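A.B. asks: Output the structure for:
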Amino acid sequence: MNLPTLNTKEKFFDDLSPDWYRENILTLREQELIQSILTPSELSRGGILLDLGGGTGRLSEYLATTYPLSYLVLDISLGMLREGREHSPHPSLNRVQSDVHRLPLPDETVRFIFSFSSFPHFERKEEVLRECRRVLVPGGSFVILHSCSREEINQFHLAHSPVISGDHLPQLESFRQWGEKLKWTQKRMENNQELFLVHFIKPEV
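C.D. replies: Predicted coordinates for the structure are as follows:
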C-alpha cells in the first residue's frame, strides 16, 4: 500500500481551498468550545499563537477579534493560506506555508498552539508533538481540538478520499504515552460525542 506523500496532500487541500472559507465558518458551538479551553485571562497575556494546520485561519481570525495576540497560521496548502488571506486580511494574522514536522520557529517562542480539526492529517504525530514542545515557552499550552468524537472523525476520513482515508486520530492512551515520554504536563483529555480534546502544558522547569 502506497501512503500519500506530503505533496499529494498539499494538492488535495489546494483543490479544496476555493470553497473552504465559505463552507467552513466556525459555528457558535465551535466558538464556545474554543473559548472554553483557555481562560480570557490566559489569552489576554499576549504572545504568539501558532494555528497548526490552520488552513484558511478560521480559528485565528475568530480569536483575533478579541485577544491581542500575534497569530501565525501554518499550513502545508498554499491554496488554503491564499484563500484565507483574500477573505480575511487581518493585520495580526501571519500566514506561512510549512511542514508541521519541522516548524520554522526558534525554541521557546510561542505561547499557545492550537491544532483545530487538523491533527489526523499529520503523518508523524510524535514528531509533531516533539516540535511543538520545542517551540513553546515554559508554561505554554498545546491544544488538539475537534468538535466531535474520535470515532466520528476517523469514520469520516475513512469514507472520504483515499488521500486522507488513513488520517486517523489516535486513542487518548497514545497521547498519554507520548505525553509521558516527551515530559508534557497533561492538563485535560476527553473523547465523547461533543468533542475530542488533548490539552498539554509545557512544564515551567
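
A.B. asks: pLDDT score for S92?
C.D. replies: Looking at S92, its pLDDT reads 82.

A.B. asks: er, N2 actually
C.D. replies: 43.

A.B. asks: next one: R102
C.D. replies: Looking at R102, the pLDDT reads 94.

A.B. asks: how near is it to P89?
C.D. replies: Relative to P89, R102 is positioned 27 Å away (Cβ to Cβ, to the nearest Å). For the C-beta atoms, the positions are set from N, CA and C on the backbone; glycine is no exception.

A.B. asks: what does S165 give?
C.D. replies: From S165 to P89 the distance is 35 Å (Cβ to Cβ).

A.B. asks: can you tell me which residues contact the nearest residue to E61 once chain neighbours are set aside?
C.D. replies: The shortest distance from E61 to any non-neighbouring residue, by Cβ to Cβ, 6 or more residues apart in numbering, is to S88 (4.8 Å). When the contact criterion is Cβ atoms under 8 Å, 6 or more residues apart in numbering, the partners of S88 are 21, 56-57, 61.

A.B. asks: Just name the closest of the residues you listed to S36, please.
C.D. replies: The shortest approach to S36 among the contacts of S88 belongs to E61, at 18.5 Å (Cβ to Cβ).

A.B. asks: who touches whatever helix or strand the closest one lives in?
C.D. replies: If you go by DSSP states H and E, E61 is part of helix 58-64. Residues from elsewhere that reach helix 58-64 (Cβ under 8 Å, 6+ apart): 21, 24-26, 31, 34, 43, 49, 51, 54, 69, 71, 73, 84, 88, 90, 92-93, 114, 116.

A.B. asks: Could you rerun that using 7 Å?
C.D. replies: Contact partners of helix 58-64, identified using Cβ atoms under 7 Å, 6 or more residues apart in numbering, comprise 24-26, 31, 34, 43, 49, 51, 54, 69, 71, 73, 88, 90, 92-93, 114, 116.

A.B. asks: now swap in stretch 146-154 and tell me
C.D. replies: Residues contacting stretch 146-154 (Cβ under 7 Å, 6+ apart): 29-30, 33, 117, 120, 168-169, 191-193, 195-196.

A.B. asks: do that again at 6 Å, thanks
C.D. replies: 30, 33, 117, 168-169, 191, 193, 195-196 (Cβ atoms under 6 Å, 6 or more residues apart in numbering).

A.B. asks: Reformat those residues as a markdown table; add distance to T8 and secondary structure.
C.D. replies: Shown next, in a markdown table, are the contacts of stretch 146-154 (distance: Cβ to Cβ, whole Å; DSSP: H, G, I helix; E, B strand; the rest coil):
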| residue | distance to T8 | secondary structure |
| --- | --- | --- |
| E30 | 28 | helix |
| L33 | 31 | helix |
| S117 | 20 | coil |
| H168 | 17 | coil |
| L169 | 20 | coil |
| N191 | 29 | strand |
| Q193 | 32 | coil |
| L195 | 29 | coil |
| F196 | 25 | strand |
